[in-house]
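Asks: starting from these lines, generate the structure:
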Amino acid sequence: MAAPSMGGVSLPRGNGQTVRLPRGASLTDLAERINAEPAALVTALFHLGEMITATQSVNDETLQLLGAEIGWVIQVVSPEDEDRELLDTFDLTFGDEESDDEDDWDIRPPVVTVMGHVDHGKTKLLDALRHANVAGKEAGGITQHIGAYQIVTELEGNERPVTFIDTPGHESFTAMRARGAKVTDIVVLVVAADDGVMPQTVEALNHAQAANVPIVVAVNKIDKEGANPAKIRQQLTEYGLVAEEYGGDTMFVDVSATTRQGLDDLLAAVLLTADASLDLRANIGQDPQGVVIEGKLDKGRGPVATVLVQRGTLRVGDSIVAGDAYGRVRSLLDEHGTKLKEALPARPVQVVGLTSVPRAGDTFLVVEEDRIARQIADRRQARIRNAQNASMRKRISLEDLDAALKENRQLNLIIKGDNSGTVEALEEALMKIEVSDDISLRVIHRGVGGITKSDIDLALADDVIVLGFNVRAEGQATELANREGVDVRYYTVIYQAIEEIESALKGMLKPEYEEVQLGTAEVREVFRVPKIGNVAGSLVRSGTIVRNSKARLIRDGAVVADNLTVESLRRFKDDATEVREGYECGIGLGSFNDIKPEDVIQTFELREKPRL
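Replies: Below is the predicted model of the structure:
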């Protein structure tokens, strides 16, 4: 059955049937699914006020709008479902696989994510636990990326490993913190005893509760003056965390990262919570799978990904695909740089041998051969590219088309960083900046590693600002950027980049003007002056009449003429710059001569409105 004609175009009526499409699908993709001509869909969207070509990536909203118009329910597949369907084509699965062989299942360490408000001592606490100094290397003492470490402690005479994930404390990394919770068994919520529950404390708590993971509260900085651990316990009861000593089931541990007080108690609390609440076992016999915690470009080793093995045993020589990166595992390194032969579940490990840097949060799996890994990576890359193209495309209606063609004010950026998680978080934060509907922000390229000559070449072609986060331009790139005047900006703290880009966007805005009335004059008599035209003999009723100001003529309450100019202004025989209320004057409105007695001349000026 055909749908009603839309401008002469007939399309198959869906009658409420569902069509599943990947993110960033084109009209050609939709046409294949519903057995229609792509040109007919282009025409249908044109009549709905959207101009899109048949092969262009289309955003979710537009696809669903078109589907509703022609009777189809368009279901845009989530990234997880896309991945599942992709793996199904290769007879692969990602997720838990039950095994009848009990020998394949083994106890694994708990994975702990450290969360909390910025500057409450999360990273210093990890420093103390692993005898390292990470916070001292972070810009401004704020963690700018994720790190993963395994610590071995002793409980009841047995050595027990615990895996810790350190997540950034700045609010811009909300998505990364949420990802940390997804791979996490237990959350250690760090709250400063001298500061109390803060907005990011609540945000981290919400992430942990949404992920349905147990929480252990570390009340830090108890050695500082003004510390009040009891107040922290009382504040957190409002959010459903009741301490064991108050009759609840949440373990609170008082610690000090500086004096190392309470660290053993914290590790014991984590293990006791894991033993009491969780069945931490993993299938070590299945094909290795897990999640990318972080990725970076190392000058000596190339792309390096920090991954957390969730199932199976990852070994040197495995063919691996992580997000849209693939390769063969050349070496496995622990957090100290020591080479490993294999990595068991819940073991964070650095993988060397990938072709590119995967993004934080990407899933990885091991396949039988390199060919399959490359095919999966290529399809994932195409899918991600289509989704990005669709999200970057600014919707243009027919009414806006002319203005859009005349002027497209867009700030183009290239983002390069030292690791993939930071680049992704920075891009996400920048894309959330809202200044005006007629100003757009577009990231035309993002990557991990130093700023190269090819980045500067791309910036020259598209008039781009290059942002370097914890990376610098290399030799030839620096020379080319200086010679061609390419704007390259370097940052080490994320909120500085956000503030500067927001200021740049505001600077691209057209000035807004408001009309300010200067004065009104009533025409008493009209004089004909040779070579000048009609001059209005007027009495200024209010304000001031100023020469060269804008004016409009009002007759019987209606505007007769607008966009006039007070070209001449006289008091008796003398020229005047302005004439005030209560005085008579002669007003000449240039070539406009349709002036009659009792008309009212309004004068005004346009003043630029300050941006808030």
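
Asks: my read is V304 is in a strand, agree?
Replies: Yes - secondary structure of V304 (DSSP: H, G, I helix; E, B strand; the rest coil): part of a strand.

Asks: mind listing the residues bridging to the nearest residue to it once chain neighbours are set aside?
Replies: Leaving out its chain neighbours, the residue that sits closest to V304 by CB to CB, 6 or more residues apart in numbering is D298, at 4.8 Å. (Glycine included, C-beta is placed from N, CA and C.) When bridges are assigned using DSSP bridges, the partners listed for D298 are G302.

Asks: run a quick neighbour tally on S503.
Replies: Burial of S503, expressed as a neighbour count using other CB atoms under 10 Å, amounts to 10.

Asks: do you know how far it is from R359?
Replies: Per CB to CB, to the nearest Å, S503 is found 28 Å from R359.

Asks: thought A44 was touching A31?
Replies: No - judged on CB atoms under 8 Å, A44 makes no contact with A31 at a distance of 10.6 Å.

Asks: got the contact list for Y583?
Replies: Residues in contact with Y583, defined by CB atoms under 8 Å, 6 or more residues apart in numbering, are L539, V540, R571.

Asks: the residue nearest to V304 - how many residues pack around it?
Replies: Other residues within reach of D298 by the criterion other CB under 10 Å amount to 14.

Asks: one more: E244?
Replies: Burial measure for E244: 11 neighbouring residues, criterion other CB under 10 Å.

Asks: how deep is the closest residue to it other than its chain neighbours tucked in, by neighbour count?
Replies: Nearest in space to E244, with sequence neighbours left out and distances taken as CB to CB, 6+ apart, is M251 at 5.9 Å. Around M251 sit 22 other residues, with neighbours defined as other CB under 10 Å.

Asks: please apply the same query to S568.
Replies: Taking other CB under 10 Å as the criterion, the count of residues near S568 is 18.

Asks: roughly how far does it sit from A536?
Replies: With the distance defined as CB to CB, S568 ends up 10 Å from A536.

Asks: between those two, what contacts are shared?
Replies: Shared contacts of S568 and A536, defined by CB under 8 Å, 6+ apart, are found at G586, I587, G588.

Asks: do I have it right that the second one meets T565?
Replies: Right, I587. No - here I587 lies out of contact with T565, judged by CB under 8 Å, at a distance of 10.7 Å.

Asks: what strand or helix carries the most centrally placed residue in the chain?
Replies: For the chain, the residue nearest the mean C-alpha position is E428 (1.4 Å; CA atoms, centre = their mean). When secondary structure is defined by DSSP states H and E, E428 falls within helix 420-431.

Asks: circling back: partner strands of the helix or strand encompassing the residue nearest to E244, with direction?
Replies: Mapping M251 onto the secondary structure by DSSP H and E places it in strand 251-254. Each strand that strand 251-254 pairs with, and the sense of that pairing, follows from DSSP bridges: strand 215-220 (parallel).

Asks: and the contacts of the partner strand?
Replies: Where contact means CB under 8 Å, 6+ apart, the residues beyond strand 215-220 that reach it are 120-121, 124-125, 186-193, 205, 208-209, 229, 232-233, 236, 241, 243, 250-257, 266, 269-270, 273.

Asks: how about the strands in the stretch 451-600 of the chain?
Replies: Along the stretch 451-600 of the chain, the segments classed as strands by DSSP state E, counting those that start in this stretch run 464-469, 488-491, 513-529, 533-546, 550-555, 558-565, 568-571, 574-575, 578-580, 584-588, 600-608.

Asks: CSV for those strands, including mean pLDDT and distance to G302?
Replies: Putting the strands of the stretch 451-600 of the chain into CSV (pLDDT from 0 to 100; distance: least, CB to CB, whole Å) gives the following:
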stretch, mean pLDDT, distance to G302
strand 464-469, 87, 20
strand 488-491, 87, 23
strand 513-529, 89, 55
strand 533-546, 92, 70
strand 550-555, 92, 65
strand 558-565, 89, 65
strand 568-571, 90, 76
strand 574-575, 87, 79
strand 578-580, 92, 74
strand 584-588, 92, 77
strand 600-608, 88, 53
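
Asks: deepest in the core, which of these is it.
Replies: When you average the neighbours per residue for each of the strands of the stretch 451-600 of the chain (mean count of other CB atoms under 10 Å), strand 464-469 leads with a mean of 22.

Asks: how far does the strand holding M251 sit from its chain's centre?
Replies: Strand 251-254 has its C-alpha centroid displaced from the chain centroid by 35 Å (CA atoms, centre = their mean, to the nearest Å).

Asks: and the next element down the chain from that strand?
Replies: Beyond strand 251-254 in the direction of the C-terminus, DSSP H and E gives the next helix or strand as helix 263-277.

Asks: what residues of that following helix count as buried?
Replies: L263, L266, L267, A268, A269, V270, L271, T273, A274 (16 or more other CB atoms under 10 Å).

Asks: equivalent analysis for stretch 470-484, please.
Replies: Buried residues in stretch 470-484, defined by neighbour count with 16+ other CB under 10 Å: N470, V471, A473, A477, L480, A481.

Asks: also stretch 33-46?
Replies: Residues of stretch 33-46 classed as buried by neighbour count (16+ other CB under 10 Å): I34, A36, E37, P38, A40, L41, V42, T43, A44, L45.

Asks: with respect to D287, which of those is nearest?
Replies: Of all the buried residues of stretch 33-46, the one with the least separation from D287 (CB to CB) is I34, at 36.9 Å.

Asks: report the separation between the closest one and T313.
Replies: In this structure, I34 and T313 are 46 Å apart, going by CB to CB.

Asks: out of the contacts of strand 215-220, which end up buried?
Replies: Buried members of those, counted by 16+ other CB under 10 Å: 120-121, 124-125, 186-193, 205, 208, 229, 232-233, 236, 241, 243, 250-257, 266, 269-270, 273.

Asks: helices or strands up against the helix holding E428?
Replies: Counting contacts by 3 or more CB pairs under 8 Å, 6 or more residues apart in numbering; DSSP states H and E, helix 420-431 packs against helix 174-182, strand 289-298, strand 410-417, strand 440-448, strand 464-469, helix 494-507.

Asks: relative to G116, which of the ones you listed is closest?
Replies: Shortest distance between G116 and the helices and strands packed on helix 420-431, using CB to CB, is found for helix 174-182: 9.9 Å.

Asks: whichever helix or strand comes after the closest one to helix 263-277, inter-axis angle?
Replies: Toward the C-terminal end, the helix or strand that comes next after helix 174-182 (DSSP H and E) is strand 186-192. Counting by axes from the mean of the first three to the mean of the last three CA atoms, to 10 degrees, strand 186-192 points 140 degrees away from the direction of helix 263-277.
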